[in-house]
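Engineer: Model the structure of this input:
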Amino acid sequence: MSNLKYALFTGCTARESTPELMSSTLAVAKKLGIELVLLDEATCCGASHLQDFDEFLSIVMNARNICYAEKHGLDMVTICNTCQLNTAEAKEKLDNDPELKARVNEKLAEVGLEYKGTSAVRHFQYALIEDYGLDAIAKKVETPLSNYNVAPFYGCHNIRPSHLHKDANMGENPYNPTSLDRLIEALEGKSIQYEDKNSCCGFHVELQAPKTANRLSGSALLGAKDADADMMVTPCPLCQIRMDVQQHNISKEVGRETHLPVLHLPQLIGLALGIDQKQLGLKHHVTEFKAK
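Structural biologist: Numbering: from 1, shown residues only. Prediction:
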């Protein structure tokens, strides 16, 4: 776990919509002695929307982002499930299709870049567990989360499709994931079990089908509440936005109050590591988190 260093692909959301994710990620990395090199030149991953409109452009764009990690000679870590999916998907296609790789590099040459395929792409969640280690994280706990029942919410894009992620997420079972549960327990919290912990939050259908999105989010939030959760935690900022910001509309749709704080994963880790709540950005949440 010594001298861990990664290229951090922040994506768009942590830079703009969820600055608390950015600040808490950097704070946790500093506390654990992990060096993160910000890829300030990187652009949007396409957010699963550009991919439907222009697949080749999306691959070029993601290849460009990976190139910046390669220039540093570092593996890339992401902090958004959707960024992880799109970046990993582009990498898989490039690494398995020499003709596509050549076409993409022809475009990248226009800006002085070449995709080589030398940098791995993983979510920060799995880099922490696999490289730093749960035992090492447990030894850093200053404020145990023993007073909290925590509902893990995995989201879709870190665990599905499994064939794409198996090398990046330690072979996580897409039907019965355990990584978040084990991380919560390493922080001395109680990880609660509920049916929708690995379901979809509905973010990507929110504009087209808001009722469906609210029902999906509502099912997860109510399942967590009925299992006596004090909070929910997710490694995906899109899931966090959907289930924090939209709780009023979600409650109206499902006919029950869903009030439940939804934290970003680095915020939960930061609480256990004794990092100041202001630094973790907990004041930014619509559904307020109150420490016990």
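
Engineer: model confidence over stretch 58-67, on average?
Structural biologist: Here stretch 58-67 scores 97 as its mean pLDDT.

Engineer: what does that stretch rub up against?
Structural biologist: Stretch 58-67 is contacted from outside by 9, 39, 42-46, 50-51, 76, 86-87, 89-91, 93-94, 100, 104-105, 107-108, 111, 113-115, 119, 121, using CB atoms under 8 Å, 6 or more residues apart in numbering. C-betas here are computed from N, CA, C, even on glycine.

Engineer: What subset of those residues is buried?
Structural biologist: Among the contacts of stretch 58-67, those classed as buried by neighbour count (16 or more other CB atoms under 10 Å) are 9, 39, 42, 44-46, 50-51, 76, 86-87, 89-91, 93-94, 100, 104-105, 107-108, 113, 115, 119, 121.

Engineer: quick one on the thing from earlier: quick one: which of the contacts of stretch 58-67 sit in strands?
Structural biologist: Among the contacts of stretch 58-67, the residues falling in strands (DSSP state E) are F9, M76, V121.

Engineer: Which one of those is nearest to H264?
Structural biologist: H264 has its nearest neighbour among these in F9, at 16.0 Å by CB to CB.

Engineer: Settle this for me: that closest one is touching A42, isn't it.
Structural biologist: Yes - between F9 and A42 there is a contact under CB atoms under 8 Å: 5.6 Å.

Engineer: between the ones in strands among the contacts of stretch 58-67, which is nearest C236?
Structural biologist: Nearest to C236 among these, with distances taken as CB to CB, is F9, at 14.2 Å.

Engineer: my read is M232 is in a helix, agree?
Structural biologist: No - if the criterion is DSSP: H, G, I helix; E, B strand; the rest coil, then M232 is strand and not within a helix.

Engineer: For it, give me its contacts.
Structural biologist: V150, A151, P152, F153, A220, L221, A224, M243, L260, P261, V262, L263.

Engineer: right, and the helix or strand after the helix or strand harbouring the last one?
Structural biologist: Assigning secondary structure by DSSP states H and E places L263 in strand 262-264. Tracing the chain C-terminally past strand 262-264 and defining elements by DSSP H and E, one meets helix 265-272 next.

Engineer: which strands and helices sit next to that following helix?
Structural biologist: Applying 3 or more CB pairs under 8 Å, 6 or more residues apart in numbering; DSSP states H and E, we find helix 265-272 packed against helix 19-32, helix 124-127, helix 179-186, strand 231-234, helix 277-280.

Engineer: which of these sits most buried?
Structural biologist: Mean neighbours per residue, mean count of other CB atoms under 10 Å, is largest over those for strand 231-234, with a mean of 26.

Engineer: ok, that strand: who's next to it in the sheet?
Structural biologist: Counting by DSSP bridges, the strands paired with strand 231-234 are strand 149-152 (parallel), strand 262-264 (parallel).

Engineer: what's the most buried one of the ones you listed?
Structural biologist: strand 262-264 (a mean of 28).

Engineer: got a pLDDT number for S2?
Structural biologist: At S2, pLDDT is 57.
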